[in-house]
Structure formats: structure tokens, C-alpha cells
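K.L.:
Provided below for reference: sequence and predicted model.
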Amino acid sequence: MEIIFLKLLNRSIAAGWLILAVLALRSLFRKAPGWFFCALWGIVALRLLCPFSPVSPLSLLPSGETLSPYTIQFSTEPEIQSGVPVLDHTLNPIILDTFAPSPGASVNPLYVWTFFAAVLWGIGAFCLLARGLVALIRIRSRIRESVPFRDNLRLCDSINAPFILGILRPRIYLPADTDQAHLPYILAHEQGHLKRLDHWWKPLAYLLLSVYWFHPLIWAAYYLFCRDLELACDEKVIRDLSLEEKKAYSHALVSCSLQQRLVLTCPLAFGEISVKKRVNRILHYQKPAFWLLVVAAAAGIITAVCFLTNPPENIAGSQPHHEDPLDASDAQTPHKTTEPLTDDTDPAVASLLQAANTAILERNASSGPETYDLACSDFAILGTESQSLASENSEQTFTAYGWALYQTYGISETGIEDVGGSHIPVALTFEVKEDAYSLKDYWEPREGIYFAEDIRNRFPEFLAADGMDSQKFILPQIQSCYRQAVEYSGLDTDAVIRRLLNTICSDPAVSSAPRDYIQAHGLEYRELTYYGSYTLQYCFRRFQKGGETGLEGWIMALVCEDLLGTRETLPANADTVQTGQLWYDTLYAHASNQVEPYLQ
């Protein structure tokens, strides 16, 4: 539901700019015909209804997506992209300070708040729709005793003003005591509504208001649309009336407005809204000049083109810049890989990883005294770009995009302690000659509000999203660094994992739910996931011996399930299975190939 809410929120922000443009046009073309204003509100409705918008360089919207669902859900640097630098520079530092996820967090705090906002939005939409439904039921109960008059006209004693009700089979309801002198004007007005299909457009407007109720400009648009709807219908009726007939029409309008007592949410009522303004416009109505109609129509078309389209995304920098001393005809087109290069058994990939990790370690090396036992790194390759030059020595410029993890650890018999480090997207440019990598450029994004902008400008477009999503890569990278620390120190991982499990199972003693123990010892559980394959080896060996039917076996099943990612693929779920041993037996029976490598 939160994804739907974010899409609606982005759509409403884009529509908000369009509403401001419509308000400006209403002020500029005050003497334009009423249908012109209704047409402008139709453009707003189209913007709110359409699930997608074409991209155009003519778009005047600052941003097509202010709040990216992907960024809010996964990015470690949550931010808005309003397209207004003042807003971005003001709000993004606040958002970053307040909602930046802690390292290793399972979910972004901003995504959690988005969920609550989505729930609140759903409640608000339900209340408005329920209000409209209740009003409709009350109206129908009051017109239950109405009697046919002629055609689609009905008379009713329990109403005080004429109105239209119904969509597929609309009827005009009149008070039984309607003045016969006013009747022709009332019928002309209501028939005008029917010809313009206003009995469809107003319920649609209320539906949009119910969906986008959280945006104040939508409320303003709804009120002005209802007023413009009546003004346009008045103009349609009085277009060919004499001055005396206009006065009689105005008198009927005032009479109905004074009698009206029923609050109508959706029906079209004769004296419904802005009676004083309508009377003044009726008595001073003049047919608009032809030039005004042409200019107004042109303005409406331009508004539609500029605000129903989204601006092109900023893709500057997605193509690498090459200072090529040769002619363009001599340079090969850079080859972009669209899949991460993760096969470190490939000699070329292994060489690249070695060069990248060397660059990361050298970049982060400190000249001061060492306060740690080991510094290690891991490079998660997202993709590459390369350019081969037509020369005798076959030199190649090669840029690797990815996430660079640098960690410093203190190591003791009790385990691995994180002393410090960094996790940041980088672009490493190498000159490759005879399979040897020579670092030419080490690029990092600026911190704070410039982070996302720098990524989008430097990374290829198809890698930019992954370049802002650290949560997608952090766990396997930390596991790689832990593996390096274990291999370096010869740490007894079985002893460490056994101690972590004992700590997790120590409390809360009053609970029998494994998740309560994990919640109480989140750091220890996270450490188990960091040990990765060592945790799986330890747990599977114990499960293989059998008898793991207690709490510790259940905790082992949960962490193994998280590490293997089998929650949706096995008949048994570690959260609901009777014992951890039963979960393992089910896993072994259905996917022994995932277990055997860790038992060797």
C-alpha cells in the first residue's frame, strides 16, 4: 500500500504545479468563457488519473518523481528530488539526519513512516468516500416519495432546491412548491448540465478529491471546479437571453439558493454555489471576442503539453568522457555490461577485483598509528565501461562501477570487533596493458545532499539505482571481510558462534517466541549473519547430528533460513515450524544440494 501511496503522492505533487498554472490562467483570462475553465480542470483530472506521463523536453514540471519509492525503500541516503534547488538543499539535510538508516538496518526508517502515512491516507480516503455514500443514501431516502412530473422530471415535498441525481439514468428533482415562473429557467439550467455530462464529471471530481485528499491544492481545485461548472452552465443557458430574461433567470437562482437547506456532496443543484458571483456574471455577460477564444485555447493546449508531460531525467555524465587523442573513427564504442560481474573464478574478473581492492586499501590507508588488527576491503562490481584504443600496444581504458567496503577490525578469541570503515559507491578507472591494471582515477561522490546527484551524473543510467542502494550489497560484502579476518587470524568460529547463540537464548526467559529473543539481541543475531558460511557450517553440523528441538535449534533454523533465502521456497517456514530440527530435515529432503557443501 505504501508504494501506491508514494505513486499517488508524486502524481499529486506534479498536479499541484499544474493547478498553480491553472490558477494563473484563470486570473489572466477572467473574461474567457466558462467552458475554458472547466477544460483546464479536465487537464488537472487527466494528470491525476493517468498512471504514466510521456517525457518531453517541453515539460515545465521541475521533477517527474519527487519521492522515489525505490530510494525511500532501499537507499541509505534518502532524499527528495523536487527539481527546486532551494527546497532540495533545505529539506534533504533534514531528511538525511532524521531518516538515514543505521548500518545493517533491515528497513529504512523513512519507509516505515511511509507505511504509517499510507495507512493514514487510506483512512482519510475511506472517510471521504463514506461521507459521500452517506450523503447519497440520505438524499435517496428523502426523494423516495417523489412522483413523476414529466419525462425525467420528478416532484418531491422533502427537498428545498432542484438538483440532478443519477449517472446512467439521471433525473431532475424539483421541490413540489417550485414557482411556475421560475420553472423554465430551472429546467433550462439542469438540462444544460445533462447535455454537458456534468452529472458524470462532478462525481469523478469528488472521487479524485477522496483519493488525493492530503493535498491542499486539490481541495482548492475541487471547489473552483464546482463553481466553474455552474458558471459554464449559466453561460450556456443565458447566451441568447434578453436582459429581462437574464434578470428573471437571476431571480430564480437567488430564490432557489435562499431555500436550499440540504448539503449536497455530489448532486448538481441549481442554487448550489457562488450565487452572488453567478448573478453578477449573468447580468453583465457578454460574448467573448474571437481573439480571446483563440488565445485562451492556445494557452490551454500549451498548458497541457507542458504539464501533462514529465521532464527528461538528468542523464548528464552517464556516458564517460574520454580524452581521446585519436579521431572518433579510431575509437571503439564503450561496451557496457548490464549484469554485475561476480564470477571471481574468471581470471579477468579476479584480476579486476584484486586491482580494485588494492586501490580501496591504498585509498583508505591512514598515516597515523594503527588501532586495529586488520584492514580489509571488498568490491561489489555493478558494471563496467571500457574503451579500446586502436594502437600497437593495445591499451585499454577500463572503468569499474561498484560499492567499495573498507573495514578495520580488532580480533580476539571472543570474535571480531568493528573498529571503523566506510561503504561508498565508487568509479575506478584503470589503464589495462597486458592484463596489468594501473589505477588512473578513483572517484567518490560528495556527501550529503550532493550524494544522489553525483551518482546520477557519474554512473551510467542503468547502474545509478544500484549505486544508491547500499542495503542490496552490504551483507555479502561484510561476510567477505569477516571471511578475510577469519583466514588472517585463524579465529575459532565455532566457539564464537556458540557464544553468540548462548547469548541470544539467555533472555527474555519469560517468552517462548524465538523472534522475541532475536529482537532482544539484535547485534548478536546480526553477527551470526556476518559470519555467513561459518554460521551455516556450524548449524548444519549440529542439525546433522539431530536432536535440535529446543530454542537454540529454532534460532539456528531462523538464521540459516535468512542466510539461504529459502523462506518462500520450502514447505516448512522457520517461524512457524514446530522445531528447528524439523525445518532442517525438510530443507535436506527438498534441497540437499544447498546443505552438502557446508558439511564437507
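P.N.:
Looks like it came in fine. Residues are numbered from 1 along each chain as shown.
K.L.:
Residue 29 contacts residue 39, doesn't it?
P.N.:
No. With contact defined as C-beta atoms under 8 Å, residue 29 does not count as touching residue 39 (11.4 Å). For glycine as for every other residue, the C-beta is placed from the backbone atoms N, C-alpha and C.
K.L.:
what residues are up against residue 587?
P.N.:
560, 564, 566, 570, 572, 594-595 (C-beta atoms under 8 Å, 6 or more residues apart in numbering).
K.L.:
repeat for residue 373
P.N.:
Neighbour list for residue 373: 409-411, 489 [criterion: C-beta under 8 Å, 6+ apart].
K.L.:
Filter those residues down to just the buried residues.
P.N.:
Among these, those scoring as buried are 409, 411 (criterion: 16 or more other C-beta atoms under 10 Å).
K.L.:
got any ranges where the stretch 501-600 of the chain has weak pLDDT?
P.N.:
509-510 (pLDDT under 70).
K.L.:
Tell me which of the contacts of residue 373 fall in strands.
P.N.:
Judged by DSSP state E, the contacts of residue 373 include 409-411 as members of strands.
K.L.:
Show me the strands in the stretch 251-400 of the chain, by range?
P.N.:
Assignment of strands within the stretch 251-400 of the chain using DSSP state E, counting those that start in this stretch yields the ranges 268-269, 335-336, 374-388, 396-412.
K.L.:
what do you get for the stretch 101-250 of the chain?
P.N.:
Per DSSP E, counting those that start in this stretch, the stretch 101-250 of the chain carries strands over the ranges 147-150, 153-156, 163-165, 171-175.
K.L.:
Summarise which helices and strands the second one is packed against.
P.N.:
Strand 153-156 sits against strand 147-150, strand 171-175, with contacts defined as 3 or more C-beta pairs under 8 Å, 6 or more residues apart in numbering; DSSP states H and E.
K.L.:
Now render these as JSON lines, adding mean neighbour count and distance to residue 381.
P.N.:
JSON lines is the format used below for the helices and strands packed on strand 153-156 (neighbours: other C-beta atoms under 10 Å; distance: least, C-beta to C-beta, whole Å):
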{"stretch": "strand 147-150", "mean neighbour count": "11", "distance to residue 381": "77"}
{"stretch": "strand 171-175", "mean neighbour count": "22", "distance to residue 381": "68"}
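K.L.:
Tabulate the ones you listed (TSV), appending mean pLDDT and distance to residue 373.
P.N.:
As requested, the helices and strands packed on strand 153-156 are exported to TSV (pLDDT from 0 to 100; distance: least, C-beta to C-beta, whole Å):
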stretch	mean pLDDT	distance to residue 373
strand 147-150	84	93
strand 171-175	85	85
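K.L.:
Please produce a markdown table containing these, extended by distance to residue 352.
P.N.:
Formatted as a markdown table, those follow (distance: least, C-beta to C-beta, whole Å):
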| stretch | distance to residue 352 |
| --- | --- |
| strand 147-150 | 84 |
| strand 171-175 | 75 |
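K.L.:
and residue 282, what does it touch?
P.N.:
When contacts are taken as C-beta under 8 Å, 6+ apart, residue 282 is in contact with 234, 238, 246, 249-250, 253.
K.L.:
Out of the helices and strands packed on strand 153-156, which is closest to residue 298?
P.N.:
Distance to residue 298, taken as C-beta to C-beta, is lowest for strand 171-175 among the helices and strands packed on strand 153-156, at 36.6 Å.
K.L.:
partners of the closest one in the sheet?
P.N.:
In the sheet, strand 171-175 lines up against strand 153-156 (parallel), strand 163-165 (antiparallel) (DSSP bridges).
K.L.:
Now the last one: buried residues?
P.N.:
Buried residues in strand 163-165, defined by neighbour count with 16+ other C-beta under 10 Å: 163-165.
K.L.:
From residue 95, how far out is the closest residue to residue 98 other than its chain neighbours?
P.N.:
Spatial nearest neighbour of residue 98, excluding adjacent residues (C-beta to C-beta, 6 or more residues apart in numbering): residue 109 at 7.8 Å. Distance, residue 109 to residue 95, using C-beta to C-beta, to the nearest Å: 10 Å.
K.L.:
Model confidence score at residue 209, please.
P.N.:
Residue 209 is assigned 93 on the pLDDT scale.
K.L.:
Isn't it up against residue 222?
P.N.:
Yes. If you go by C-beta under 8 Å, residue 209 and residue 222 touch, sitting 4.6 Å apart.
K.L.:
domain ranges for the protein?
P.N.:
2-307, 328-468, 492-599 (automatic domain parsing).
K.L.:
Reformat these as JSON lines; add distance to residue 480.
P.N.:
Formatted as JSON lines, the domains of the chain follow (distance: least, C-beta to C-beta, whole Å):
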{"stretch": "domain 2-307", "distance to residue 480": "15"}
{"stretch": "domain 328-468", "distance to residue 480": "4"}
{"stretch": "domain 492-599", "distance to residue 480": "8"}
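K.L.:
and residue 479, which of these is closest to it?
P.N.:
Closest among the domains of the chain, once you apply C-beta to C-beta, is domain 492-599, at 3.6 Å.
K.L.:
next one: that closest one to chain centre, how far?
P.N.:
34 Å (C-alpha atoms, centre = their mean, to the nearest Å).
K.L.:
now do stretch 16-24
P.N.:
For stretch 16-24 - counting by C-alpha atoms, centre = their mean - the centre lies 23 Å from the chain centre.
K.L.:
If we go by neighbour counts, what in that stretch is buried?
P.N.:
Neighbour-count burial for stretch 16-24 [16+ other C-beta under 10 Å]: 16-19, 21-22.
K.L.:
Go through these and name the one nearest residue 357.
P.N.:
So of the buried residues of stretch 16-24, ranked by how close each gets to residue 357 (C-beta to C-beta), first place is residue 17, at 46.8 Å.
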